[in-house]
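Engineer: okay, predicted coordinates and the sequence, questions at the end:
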Amino acid sequence: MPYTYDITNGLDVTNGNSHQTTPYLYSQPPPKRLNVGVIGIGRMRKQHALNALHRVSQTNLVCICDVLEDNLKWATKELAPYGVRIYHDFKDILQQPGLDAVIIASPTHLHQIQVIDSIQHSLHMLCEKPLGMTVEETKEVLTIAKQKSHSHLKVMTAFSRRFDKSYQNAVRAIKAGKIGSPVVVRAENRDQFSDSEFHKNYLLQSPGIFIGGCIHDIDLTIDFLSAASGVLPQPKSCSAIGTIALHQELRQSRDVNNGIGIVEWYSPTPSSPAPISYYHVSHIQPHGFDNPTEITGTKGILKINLHPHRDLIQFASSDGISNEVGGDFYDRYEQAFVHDLETFANAVLLDKALPFDLESSLQGMEIAEALQEALRTGNKIVWDEHGRRQDRCNGQNGLGHGFATTGCTVSGV
């Protein structure tokens with residue numbers, strides 16, 4: 001039976017009893033909240049800390065960690081007044097008493113080691129995409145996460161766009177057969193141009209335009225195609241081209257800031273068409289963040305984000321009708337980030353299944369890495385129907401796990 005309290009006098013009046021107790025503001029003890037630490041609060045990742053502190057009722061922000069003085073000063077001003085502990089060293093946050101879970105939002109090259117360390121400290125983990133810089137790093141994370149000693153932990157990639165209402169509605173429409181079988185997925189991710197030193201360093205440290213800028217759209221493609229067939233889709237081939245405009249320093253890392261990738265997929269059933277997905281990633285847009293998606297099916301088309309806008313305000317004048325556009329992805333997906341953390345917290349607190357498993361994260365990384373390889377080599381990447389690479393070493397089998405490569409070298413990589 002729930003306890004009932006006389007808030008004014010601090011009396012326990014359950015079953016008519018009346019004895020002094022500590023004043024309490026609830027008719028029953030408050031629900032448990034997930035004690036969370038955030039690793040990395042640079043760039044827009046401050047929002048993870050603010051969401052855990054202010055916007056997600058299931059979480060309690062206990063601590064944060066960052067190495068940059070400006071970020072630590074911000075945390076001292078914005079988070080410390082709420083009792084949030086501030087750390088400079090990642091190892092210290094792992095020793096925080098009472099910590100249940102961490103959100104990893106550090107630079108990508110730190111993800112793998114921080115994810116593994118967090119798991120080995122028996123912490124639930126929500127990590128910004130991708131889990132590692134490479135397929136091999138991602139596989140190592142999966143191997144650690146799937147060990148029996150860690151089976152109680154929830155380990156999830158923060159694919160925030162899966163938690164956006166528009167994309168969720170699109171997946172439901174595909175499941176309901178409203179557009180028939182998907183034939184072509186067109187996804188574009190256009191970031192606003194910046195010439196700042198911070199942005200230049202960010203691009204140079206990125207694992208590549210398709211891994212850093214396209215993996216959300218690849219993940220959504222997997223979600224769309226899975227919704228139609230009920231099975232994980234299998235890629236058949238991919239190819240990519242790209243060019244450099246404005247960020248000439250990208251030649252140092254053999255990357256581009258405008259890339260186009262095409263993936264052919266195997267037909268999920270003998271009677272279904274073999275889908276194609278097309279990706280355009282750009283870092284030079286003057287107007288702001290822009291992320292249109294189209295799914296063409298045998299019975300119709302779904303269109304999402306075709307006209308970017310910051311809000312529902314339009315300006316009409318003799319020059320025509322216009323609207324403002326958000327400057328970055330958080331402007332567009334703010335609520336999705338909140339829903340992402342809510343879903344993760346509920347999965348931990350209520351011991352519910354996560355909405356997707358790590359295998360789909362690995363598959364998305366394998367396709368993104370293959371597109372990056374195709375961009376750098378000019379080669380077409382080919383898989384057989386079992387996900388084994390066929391374009392290397394005379395078609396030798398891979399390592400026997402998903403889209404494993406043979407480890408043979410390709411000229412120019």
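Structural biologist: That came in fine, so what should we check first? Numbers count the residues shown, from 1 in each chain.
Engineer: residues in contact with the nearest residue to Thr269 once chain neighbours are set aside?
Structural biologist: Leaving aside its chain neighbours, Thr269 sits nearest to Ser229 (6.8 Å; criterion: CB to CB, 6 or more residues apart in numbering). (C-beta placed from N, C-alpha, C; glycine too.) By CB atoms under 8 Å, 6 or more residues apart in numbering, the residues touching Ser229 are Pro268, Thr269, Ser272.
Engineer: tell me the SS of the last one?
Structural biologist: With DSSP: H, G, I helix; E, B strand; the rest coil as the basis, Ser272 sits in coil.
Engineer: swap in the first one?
Structural biologist: The three-state label for Pro268, taken from three-state DSSP, comes out as coil.
Engineer: I figured it hits Ala227, correct?
Structural biologist: No - assessed by CB atoms under 8 Å, Pro268 is found out of contact with Ala227, at 11.0 Å.
Engineer: more neighbours: those two, which one.
Structural biologist: Pro268 (21 against 17; other CB atoms under 10 Å).
Engineer: if I look at the more buried one, how far off is Gln95?
Structural biologist: Noted for Pro268: a distance of 47 Å to Gln95, by CB to CB, to the nearest Å.
Engineer: distance of Glu385 from His287?
Structural biologist: For Glu385, the distance to His287 - CB to CB - is 42 Å.
Engineer: quick one: the helix or strand harbouring Leu142 to chain centroid distance?
Structural biologist: Secondary structure from DSSP states H and E places Leu142 in helix 135-145. Taking CA atoms, centre = their mean, to the nearest Å, the mean C-alpha location of helix 135-145 is offset from the chain mean by 16 Å.
Engineer: by contact count, what packs against that helix?
Structural biologist: helix 111-120, helix 358-377 (3 or more CB pairs under 8 Å, 6 or more residues apart in numbering; DSSP states H and E).
Engineer: buried set for that helix?
Structural biologist: Val135, Glu137, Thr138, Lys139, Glu140, Val141, Leu142, Ile144, Ala145 (16 or more other CB atoms under 10 Å).
Engineer: is the closest residue to Val171 other than its chain neighbours part of a helix or strand, or is it coil?
Structural biologist: Using CB to CB, 6+ apart and skipping the chain neighbours, the partner closest in space to Val171 is Ala227 (4.7 Å). Following three-state DSSP, we place Ala227 in the helix state.
Engineer: do you know how far Ala227 is from Asn189?
Structural biologist: Ala227 is 21 Å from Asn189, by CB to CB.
Engineer: can you pull out the strands in the stretch 151-300 of the chain?
Structural biologist: For the stretch 151-300 of the chain, the strands defined by DSSP state E, counting those that start in this stretch occupy 155-158, 182-192, 235-243, 258-265, 276-285, 293-297.
Engineer: would a markdown table of those with mean neighbour count and mean pLDDT be doable?
Structural biologist: Output for the strands of the stretch 151-300 of the chain, formatted as a markdown table (neighbours: other CB atoms under 10 Å; pLDDT from 0 to 100):
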| stretch | mean neighbour count | mean pLDDT |
| --- | --- | --- |
| strand 155-158 | 24 | 95 |
| strand 182-192 | 21 | 95 |
| strand 235-243 | 20 | 97 |
| strand 258-265 | 21 | 97 |
| strand 276-285 | 20 | 95 |
| strand 293-297 | 21 | 98 |
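Engineer: buried residues, the helix or strand hosting Asp92. List them.
Structural biologist: Per DSSP H and E: Asp92 is located in helix 90-94. For helix 90-94, a neighbour-count test (16+ other CB under 10 Å) marks Phe90, Ile93, Leu94 as buried.
Engineer: how about it as CSV, C-alpha atoms only?
Structural biologist: Output of helix 90-94 as CSV, limited to C-alpha atoms (Å, rounded to 0.1, in the frame of the first residue of the first chain):
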residue,chain,number,x,y,z
PHE,A,90,37.7,10.6,-17.9
LYS,A,91,39.1,8.0,-15.4
ASP,A,92,37.7,10.0,-12.5
ILE,A,93,34.2,9.9,-13.8
LEU,A,94,34.3,6.1,-13.8
